[in-house]
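Undergrad: Model the following, please.
(one chain, ligands or ions: 1)
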Amino acid sequence: MIRMDGKEVSAYVREQLKNETAEFISQTGVTPGLAVVIVGEDPASQVYVRNKHRACTEVGFYSEVHALPESTTQEELLALIARLNANPAIHGILVQLPLPKHIDENAVILAIDPAKDVDAFHPYNVGRILTGNYDFVPCTPAGVMEILKYYHIEIAGRECVVVGRSNIVGKPQALLLLEKNGTVTVCHSHTRNLAEVTRRADILVVAVGRPHFIGPDMVKEGAVVIDVGINRLPDGKLAGDVDYDAVAPKTYAITPVPGGVGPMTISMLLRNTMSAARTSIRVNKPCLR
Ligand code: GUN
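TA: Residues are numbered from 1 along each chain as shown. This next block holds a predicted model:
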């Protein structure tokens with residue numbers, strides 16, 4: 001059984017990005033820039049934002065964090081996004097989700113210039129993923145694909161089952177596996193005989209947000225299992241959506257939690273920001289809304 005190590009893959013990607021960034025800056029005089037916006041005081045989100053900022057600095061990007069109080073109005077947030085859209089030093093904009101209840105998340109996503117939408121949440125970028133012609137891929141499914149590539153996992157022609165259909169993970173994950181010629185099934189809360197479907201999977205990707213949801217009876221012998229779940233247990237420990245200890249012996253390869261997909265997401269954010277910086281100097285295109 002191979003334990004697919006997201007920290008190792010992430011370090012590999014960041015080393016490459018560090019070199020790429022130095023070369024890009026010396027050739028173009030442009031430093032890739034990311035703005036991260038956080039509204040409110042959610043401690044988990046604050047940790048993510050700090051990590052994103054630190055990762056940017058480590059690969060040589062310019063990074064700014066806009067930490068706004070919980071009381072920020074939607075108009076104030078949209079005004080900040082408009083300023084960041086117009087700022088040529090900023091190539092990527094990430095608004096940390098979830099936002100406070102009084103702010104319409106959809107309106108915020110629509111306000112971000114699609115050319116700077118490094119989360120790939122804007123419908124323009126979602127459409128580009130659907131058609132296979134994209135600059136940005138949402139960071140979590142992109143991280144899953146990078147892990148599969150690093151460990152030379154063949155996708156073409158294989159049964160790929162995605163459990164979970166969120167806009168951020170499940171749906172784009174299914175599209176990316178399809179693009180690589182997998183035979184893709186998406187399961188969700190209404191799926192009948194779930195175990196019957198997951199047992200067909202050569203590659204099983206799980207993103208449901210329920211600790212230890214997938215047990216050994218739901219996994220085929222020799223399958224590749226990717227666990228996207230990060231669940232906080234009552235004792236404070238982290239648990240994946242897959243019961244790792246029980247499932248791992250049956251698999252060909254599996255990602256642990258923590259240390260699997262989690263470490264990949266920021267690396268993919270950095271890659272999207274690099275891609276945005278490259279595009280910004282290739283074409284000086286107007287805002288696409
Ligand atoms: N909150 C949790 N994950 C994410 C993410 O990938 N992007 C944003 N913007 N917010 C998040």
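
Undergrad: Verify the stated contact: Asn48 with Gln96.
TA: Just to correct that, residue 48 is Tyr rather than Asn. Yes - between Tyr48 and Gln96 a contact is recorded at 6.5 Å, counting by CB atoms under 8 Å. For every residue, glycine as well, the C-beta is placed using N, CA and C.

Undergrad: And the two? Which one has more around it.
TA: In terms of neighbours (other CB atoms under 10 Å), Gln96 is the more surrounded of Tyr48 and Gln96; the figures are 21 against 18.

Undergrad: Pull out the buried positions in the longest helix along the chain.
TA: For the chain, the helix with the greatest residue count under DSSP state H is helix 6-28. Within helix 6-28, the residues that qualify as buried by neighbour count (16 or more other CB atoms under 10 Å) are Gly6, Val9, Ser10, Val13, Arg14, Leu17, Glu20, Thr21, Phe24, Ile25.

Undergrad: What's the nearest residue in this structure when you look at the ligand?
TA: Across the chain, the shortest distance to the ligand (CB to the nearest ligand atom) belongs to Leu97, at 3.7 Å.

Undergrad: Could you give the number of residues near that residue?
TA: Using other CB under 10 Å as the criterion, the residues surrounding Leu97 number 15.

Undergrad: could you list every residue that touches it?
TA: With CB atoms under 8 Å, 6 or more residues apart in numbering as the criterion, the residues that contact Leu97 are Glu105.

Undergrad: Check which helix or strand it maps to.
TA: According to DSSP states H and E, Leu97 maps onto no helix or strand at all.

Undergrad: repeat for Ile38
TA: With elements taken from DSSP H and E, the one containing Ile38 is strand 33-39.

Undergrad: who does that strand touch, helix- and strand-wise?
TA: Counting contacts by 3 or more CB pairs under 8 Å, 6 or more residues apart in numbering; DSSP states H and E, the secondary-structure elements packed against strand 33-39 are helix 43-59, strand 62-68, helix 74-86, strand 92-95, helix 262-282.

Undergrad: Next, the angle from that strand to helix 43-59.
TA: Strand 33-39 runs at 170 degrees relative to helix 43-59, counting by axes from the mean of the first three to the mean of the last three CA atoms, to 10 degrees.

Undergrad: on that earlier part again, would JSON lines of the helices and strands packed on strand 33-39 with distance to the ligand be doable?
TA: Compiled in JSON lines, the helices and strands packed on strand 33-39 are given as follows (distance: least, CB to the nearest ligand atom, whole Å):
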{"stretch": "helix 43-59", "distance to the ligand": "6"}
{"stretch": "strand 62-68", "distance to the ligand": "13"}
{"stretch": "helix 74-86", "distance to the ligand": "12"}
{"stretch": "strand 92-95", "distance to the ligand": "5"}
{"stretch": "helix 262-282", "distance to the ligand": "6"}
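
Undergrad: Most tightly packed of the ones you listed?
TA: Using mean count of other CB atoms under 10 Å, the stretch among the helices and strands packed on strand 33-39 with the greatest mean number of neighbours is strand 92-95 (a mean of 26).

Undergrad: For His152, the count of nearby residues, please.
TA: The burial count for His152: 7, using other CB under 10 Å.

Undergrad: Please read the previous query as pertaining to Ala239.
TA: The tally of other residues near Ala239 (other CB under 10 Å) stands at 20.

Undergrad: tell me which parts of the stretch 101-250 of the chain are close to the ligand?
TA: Asp119, Cys139 (CB under 6 Å from any ligand atom).

Undergrad: And the helices in the stretch 101-250 of the chain?
TA: Here the stretch 101-250 of the chain has its helices, by DSSP state H, counting those that start in this stretch, at 105-111, 123-130, 139-150, 170-179, 194-198, 244-247.

Undergrad: Which of the ones you listed sits closest to Ala35?
TA: Closest to Ala35 of the helices of the stretch 101-250 of the chain, according to CB to CB: helix 105-111, at 13.2 Å.

Undergrad: Okay, buried residues for that closest one please.
TA: By neighbour count, and taking 16+ other CB under 10 Å as the criterion, the buried residues in helix 105-111 are Val108, Ile109, Leu110, Ala111.

Undergrad: Check stretch 186-199 too.
TA: Neighbour-count burial for stretch 186-199, with 16+ other CB under 10 Å as criterion, is recorded at Val186, Cys187, Thr191, Leu194, Val197, Thr198, Arg199.

Undergrad: check contacts around the fourth one.
TA: To tie it back to what came earlier, the one meant is Leu194. Taking CB under 8 Å, 6+ apart as the definition of contact, the neighbours of Leu194 are Val163, Cys187, Met218.
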